[in-house]
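K.L.:
Okay, predicted coordinates and the sequence, questions at the end:
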Amino acid sequence: MGMVDSTQTPKISAGRPHDVIIVGGGLAGGLIALALHRHAPGCRFLLVEAGRSLGGHHRWSWFETDLGAQTQGLMAGFALNGWDDGYDIAFPGLGRTLPTSYRSLASAEFHAKLIAELPADRVLPGTKAAALDAGGVTLTDGTRLAARRVIDCRPFKPSKALSGGWQVFLGQQFRCDAPHGLTRPVIMDASVDQIAPYGNGAAYRFVYVLPLSPTEVFVEDTYYADEPRMDGELLKVRVADYAHRNGWHGEVVDSEAGILPVISGGDFKAALAEVAIPGVALAGARGGFSHPLTSYTLPFAVDNALAIANLIARRPDVSGTELAAFCHRRAKRHWRATAYYRMLSRMLFEAAEPDKRVVVFEHFYALQGALVERFYAGRSTWPDRLRILTGKPPVTIGRAVRALFSSGKPLDTKPLKMETPA
Ligand SMILES: Cc1cc2nc3c(=O)[nH]c(=O)nc-3n(C[C@H](O)[C@H](O)[C@H](O)COP(=O)(O)OP(=O)(O)OC[C@H]3O[C@@H](n4cnc5c(N)ncnc54)[C@H](O)[C@@H]3O)c2cc1C
């Protein structure tokens, strides 16, 4: 948390306290604001975002089956890219089209929709919170904003209480000189060299491709790597090579990059205690709401936004402490429900050699389409779980057993600061 200059006299903002202040207008915070606006109309909320725009600079994608019927409603109205003819995957020994519909939302569209739908006086972009507490938020210029409830949606904070590895990626959007010819996303093309995002080592690597229009294609080079490191220039060359090999020529019109945690275990209570502020609710990736293996948060952010808005609509007098406890209970439930994916992360990072990790995914993608859907949605059944683990494993039994009981590598290394690549 940032420090407030104690010699500065706090500037108290006039008026009665806000019903809710949401700190962090990224995916989680922006969706909570939208859900409050739509489902708790009397609620005077304020969304405080440090950046100039809401949602940062990247795109979020998800399978349509990740969201239930009610939760899909919250995403209605955003200008999305959508594909209803399934998606492709490619591995050295497997190529397949799976039937699930896919969706993608660019942060520019997220920002535009929120700015258009939320009342202007409920959104404060370009405003950084220095300190949060149960009674409100103090901004970096010393202004004090009082609130009956505060929700902390600032970014995920690496913690030595958690263990695992990293998902490292860089994507570029090309405007091609001619139609690229793709009609479906390629969610994983792992037929590429299994090399790390830096140096000469190995890592699980795949390329992710989204045909955004007949002439625009987004190509992302992705790695499951042991270290939170990326050689951005090298990845740009690999992306350009991939585009070139597929005959896609043109200019780069947009880029994104990320280094996200892949969680394989740890002490969740201790990790939450590092970021928790008494009486302040925690949401988003910071509050533990992510898929341990894919690092995706969108389905959980949508669920949480609706649950928080419904609670406040039902009980307008719910206190900040009760709201914090409500989010904490949901986070603990989410942690328990995702134990299986953390075990798979351990298998991936600890039992399989980096150059053999591709076989773990190849085995997975050969399974039934509905099982793959449930996996991405974080809703694998017990038969699914058994099925994923059966078959010829790419790891020795000894290493698998050691990985099962290992405490893993701490996730406390701060990822390199990511600039949006030019
Ligand atoms: C490049 C990239 C691509 C991704 N793609 C996907 C995807 O396709 N699907 C998916 O489900 N997930 C994806 N993720 C993972 C995850 O969903 C995102 O990281 C998601 O944005 C996390 O949401 P969040 O709200 O928890 O955090 P963020 O979106 O990071 O939002 C946190 C916000 O808090 C703001 N903030 C920080 N400090 C302060 C402060 N002191 N005061 C006020 N504001 C502050 C930040 O500016 C930021 O806007 C991606 C992540 C990245 C980085």
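P.N.:
Nice, I can see it.
K.L.:
burial of the residue in the stretch 301-422 of the chain positioned nearest to the ligand, as a residue count?
P.N.:
Of all residues in the stretch 301-422 of the chain, Ala301 sits closest to the ligand, at 6.1 Å by CB to the nearest ligand atom. In short, each C-beta sits where N, CA and C put it, glycine included. Here the count is done by other CB atoms under 10 Å, and Ala301 has 27 residues near it.
K.L.:
Point me to the helix or strand that includes the residue lying closest to it once chain neighbours are set aside.
P.N.:
Distances taken as CB to CB, 6 or more residues apart in numbering place Ala28 nearest to Ala301, at 4.5 Å, with adjacent residues excluded. Assigned by DSSP states H and E, Ala28 belongs to helix 27-39.
K.L.:
could I get stretch 202-219 in PDB with only the CA atoms?
P.N.:
Presented in PDB, the C-alpha positions along stretch 202-219 are these (Å, rounded to 0.1, in the frame of the first residue of the first chain):
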ATOM      1  CA  ALA A 202      12.800 -25.400 -22.400                       C
ATOM      2  CA  ALA A 203       9.200 -24.500 -21.300                       C
ATOM      3  CA  TYR A 204       5.700 -25.500 -22.300                       C
ATOM      4  CA  ARG A 205       5.100 -23.200 -25.300                       C
ATOM      5  CA  PHE A 206       2.100 -22.700 -27.500                       C
ATOM      6  CA  VAL A 207       0.700 -20.000 -29.800                       C
ATOM      7  CA  TYR A 208      -2.800 -18.600 -29.400                       C
ATOM      8  CA  VAL A 209      -4.500 -17.100 -32.400                       C
ATOM      9  CA  LEU A 210      -7.700 -15.100 -32.700                       C
ATOM     10  CA  PRO A 211      -9.100 -14.000 -36.100                       C
ATOM     11  CA  LEU A 212     -10.600 -10.700 -35.000                       C
ATOM     12  CA  SER A 213     -11.900  -9.800 -38.500                       C
ATOM     13  CA  PRO A 214     -11.300 -11.200 -42.000                       C
ATOM     14  CA  THR A 215      -8.000  -9.200 -42.200                       C
ATOM     15  CA  GLU A 216      -7.100  -8.800 -38.500                       C
ATOM     16  CA  VAL A 217      -5.500 -11.600 -36.500                       C
ATOM     17  CA  PHE A 218      -4.200 -11.600 -32.900                       C
ATOM     18  CA  VAL A 219      -1.200 -13.900 -32.400                       C
END
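K.L.:
model confidence over it, on average?
P.N.:
Mean per-residue pLDDT for stretch 202-219: 96.
K.L.:
do the same with stretch 372-383
P.N.:
Here the average pLDDT along stretch 372-383 is 85.
K.L.:
Outside of that stretch itself, list whatever touches it.
P.N.:
62-63, 65-66, 98, 100, 291, 294, 296, 299-300, 337-338, 340-341, 364-365, 371, 384, 388 (CB atoms under 8 Å, 6 or more residues apart in numbering).
K.L.:
Which of the residues you listed are buried? Put it as a ChimeraX command.
P.N.:
Per 16 or more other CB atoms under 10 Å, the buried members of the contacts of stretch 372-383 correspond to this ChimeraX selection:
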select :62,63,65,66,98,100,291,294,296,299,300,338,340,341,364,365,371,384,388
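K.L.:
So which of the contacts of stretch 372-383 sit within strands?
P.N.:
Per DSSP state E, strands hold the following members of the contacts of stretch 372-383: 62-63, 98.
K.L.:
Over to the residue in the stretch 1-150 of the chain positioned nearest to the ligand: give its phi and psi.
P.N.:
In the stretch 1-150 of the chain, the residue that lies nearest the ligand is Gly26 (1.8 Å; CB to the nearest ligand atom). Note on Gly26: backbone dihedrals following degrees, to the nearest 10 are phi -90, psi -150.
K.L.:
What about Arg336, how many residues nearby?
P.N.:
Arg336, neighbours per other CB under 10 Å, totals 9.
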